[in-house]
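Engineer: after the sequence you'll find the predicted model.
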Amino acid sequence: MPVQGNLGEISIFAFNFVSRDYIICDGRRLDKTQYQKLYTVLGDAFTYDTSDQSTFAIPDLRDRFIKHPGTDIRLGEQKGVDRGCANHGPNAGAQSRCNFGG
């Protein structure tokens with residue numbers, strides 16, 4: 001069954017695996033040549049470290065929610081404060097935990 005939707009579209013699924021032809025939005029870097037069509041859509045909007053010119057980053061939505069860009073936020077901009085969260089760097093994994101208690 002072919003993937004429905006648009007290239008670069010972010011979808012939310014109610015299961016704990018990544019569907020075929022999708023990439024989890026975890027901020028990983030992808031090769032510009034291998035993912036040329038996706039790079040054409042995203043560009044470097046989510047690439048904060050440009051030391052490797054052969055790759056680009058996809059959005060990192062771990063412990064985040066999606067908000068449409070508008071007058072108060074630009075594409076790729078992150079706002080808000082992590083309260084009580086640990087390990088949100090590039091090596092953060094499934095063991096990251098957040099405490100949103102008062």
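Structural biologist: Arrived safely, thanks for sending.
Engineer: going forward, measure contacts between C-alpha atoms and count neighbours the same way
Structural biologist: OK.
Engineer: burial measure for Ile24, as a count.
Structural biologist: The tally of other residues near Ile24 (other CA atoms under 10 Å) stands at 17.
Engineer: who touches it in this structure?
Structural biologist: Val18 (CA atoms under 8 Å, 6 or more residues apart in numbering).
Engineer: state the distance from the closest residue in space to Thr55 that isn't next to it in sequence to Pro59.
Structural biologist: By the measure of CA to CA, 6 or more residues apart in numbering, the closest residue to Thr55 outside its immediate chain neighbours is Asp31, 4.4 Å from it. Taking CA to CA, to the nearest Å as the measure, Asp31 falls 15 Å from Pro59.
Engineer: go on, Ile12?
Structural biologist: Computed with CA to CA, the distance linking Ile12 and Pro59 is 14 Å.
Engineer: returning to that earlier point: per-residue pLDDT, the residue nearest to Thr55?
Structural biologist: Reading off the per-residue confidence, Asp31 sits at a pLDDT of 97.
Engineer: residue ranges of the strands in the chain, please?
Structural biologist: Secondary structure of the chain by DSSP state E: the strands cover 29-31, 55-57.
Engineer: helices and strands around the last one, which ones?
Structural biologist: Under the contact criterion of 3 or more CA pairs under 8 Å, 6 or more residues apart in numbering; DSSP states H and E, the helices and strands touching strand 55-57 comprise strand 29-31.
Engineer: then the first one?
Structural biologist: Packed against strand 29-31 by the contact rule (3+ CA pairs under 8 Å, 6+ apart) you find strand 55-57.
Engineer: and for the strand it packs on, what's in contact with it?
Structural biologist: The list of residues contacting strand 55-57 from outside it, by CA under 8 Å, 6+ apart, reads Gly27, Arg28, Arg29, Leu30, Asp31, Lys32, Tyr39, Gly43, Asp44, Phe46, Thr47, Tyr48.
Engineer: can you list these in a markdown table and add distance to Asp63 and neighbour count?
Structural biologist: Formatted as a markdown table, the contacts of strand 55-57 follow (distance: CA to CA, whole Å; neighbours: other CA atoms under 10 Å):
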| residue | distance to Asp63 | neighbour count |
| --- | --- | --- |
| Gly27 | 12 | 18 |
| Arg28 | 15 | 17 |
| Arg29 | 18 | 15 |
| Leu30 | 21 | 16 |
| Asp31 | 25 | 14 |
| Lys32 | 26 | 17 |
| Tyr39 | 24 | 21 |
| Gly43 | 23 | 15 |
| Asp44 | 21 | 16 |
| Phe46 | 16 | 19 |
| Thr47 | 18 | 19 |
| Tyr48 | 18 | 11 |
